[in-house]
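Peer 1: what follows is a predicted structure for the sequence shown.
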Amino acid sequence: MGNNQFKHISRRSLVKGYTLLGLLVTTSIVAILSSVAVPSLARLISDAHIRSASTQLLSTLMLSRHHAISSGSTVIVCHAKDISMTQCSETRQRNTNWSNGLISYADLNRNDTLDQNDHIITTTSNNPKAAIVFNQNGRLRFFSDGSARSAGFYLCIGASATERHVKILHTGRARTVAQMNQVQRNTCLSKAL
């Protein structure tokens with residue numbers, strides 16, 4: 001009976017134990033799978049940030065244009081001075097990253113300044129990971145007939161291939177293009193945080 005007990009104990013220890021070789025193989029497989037999965041996951045997250053930012057931007061632009069037409073007033077979309085989104089930034093240079101977010105307001109007194117007499121239509125905060133670069137000087141204006149000057153926004157995340165170009169036509173309609181040309185991409189990446 002002594003030998004049977006020994007056989008029974010050794011079988012039990014084989015079932016519960018791990019070999020060093022098995023542990024190394026398992027660790028190697030996990031490392032290989034992680035090296036493949038992590039970049040794909042990072043790409044998916046970047047893509048989601050850019051898609052979300054472009055959807056919010058398009059929504060703000062459509063709402064601003066609609067308000068300009070329905071109210072018969074000029075609607076201005078500007079870069080927020082800070083994250084409180086109560087004032088427009090004084091920066092009106094071409095290719096500025098509107099990183100603090102956007103303010104859309106009806107310029108009721110037509111003085112080109114957001115003040116107490118104007119009506120804020122909407123504010124849109126920006127995802128801090130995504131750069132939203134306005135490719136014109138100044139601010140974007142929608143006139144009472146819905147028109148606007150041709151302009152656009154470049155959306156990108158540094159060190160990521162994910163990007164969007166939101167084009168505003170002179171009719172005031174906006175559309176999204178998934179790819180930018182090299183000049184647009186370089187402009188956006190140079191302004192990314």
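Peer 2: Structure received.
Peer 1: backbone torsions only: list them for the residue nearest to residue 97 when sequence neighbours are not counted.
Peer 2: Closest residue in space to residue 97, ignoring its immediate chain neighbours: residue 191 at 4.1 Å, by Cβ to Cβ, 6 or more residues apart in numbering. From N, CA and C alone the C-beta is placed, and that goes for glycine too. The phi/psi pair for residue 191 (degrees, to the nearest 10) reads phi -100, psi -10.
Peer 1: now do the longest helix along the chain: distance to the chain's middle.
Peer 2: What stands out as the longest helix in the chain, according to DSSP state H, is helix 20-71. On the basis of Cα atoms, centre = their mean, to the nearest Å, the separation between the geometric centre of helix 20-71 and that of its chain is 10 Å.
Peer 1: which strands and helices sit next to it?
Peer 2: strand 75-79, strand 102-106, strand 119-124, strand 140-142, strand 151-156, strand 163-168, strand 174-177 (3 or more Cβ pairs under 8 Å, 6 or more residues apart in numbering; DSSP states H and E).
Peer 1: with mean pLDDT and distance to residue 23 added, can I get these in CSV?
Peer 2: CSV is the format used below for the helices and strands packed on helix 20-71 (pLDDT from 0 to 100; distance: least, Cβ to Cβ, whole Å):
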stretch, mean pLDDT, distance to residue 23
strand 75-79, 96, 55
strand 102-106, 96, 54
strand 119-124, 93, 51
strand 140-142, 96, 60
strand 151-156, 94, 43
strand 163-168, 94, 43
strand 174-177, 93, 49
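Peer 1: for residue 62, find the nearest of the ones you listed.
Peer 2: Distances from residue 62 to each of the helices and strands packed on helix 20-71 were compared by Cβ to Cβ, and the smallest falls on strand 174-177, at 6.8 Å.
Peer 1: and the closest one, what does it pack onto?
Peer 2: Packed against strand 174-177 by the contact rule (3+ Cβ pairs under 8 Å, 6+ apart) you find helix 20-71, strand 163-168.
Peer 1: tilt between the one helix or strand residue 189 maps to and strand 163-168?
Peer 2: In this structure, residue 189 is located in helix 182-191 according to DSSP states H and E. Using axes from the mean of the first three to the mean of the last three Cα atoms, to 10 degrees, the interaxial angle of helix 182-191 with respect to strand 163-168 works out to 110 degrees.
Peer 1: buried ones in helix 182-191?
Peer 2: Across helix 182-191, burial judged by 16 or more other Cβ atoms under 10 Å covers 184-185, 187-189, 191.
Peer 1: got it, and stretch 95-106?
Peer 2: For stretch 95-106, burial by neighbour count (16+ other Cβ under 10 Å) applies to 96-106.
Peer 1: again, but for stretch 55-71
Peer 2: Applying a neighbour-count criterion of 16+ other Cβ under 10 Å, one finds 56-58, 60-61, 63-65, 67-69 buried in stretch 55-71.
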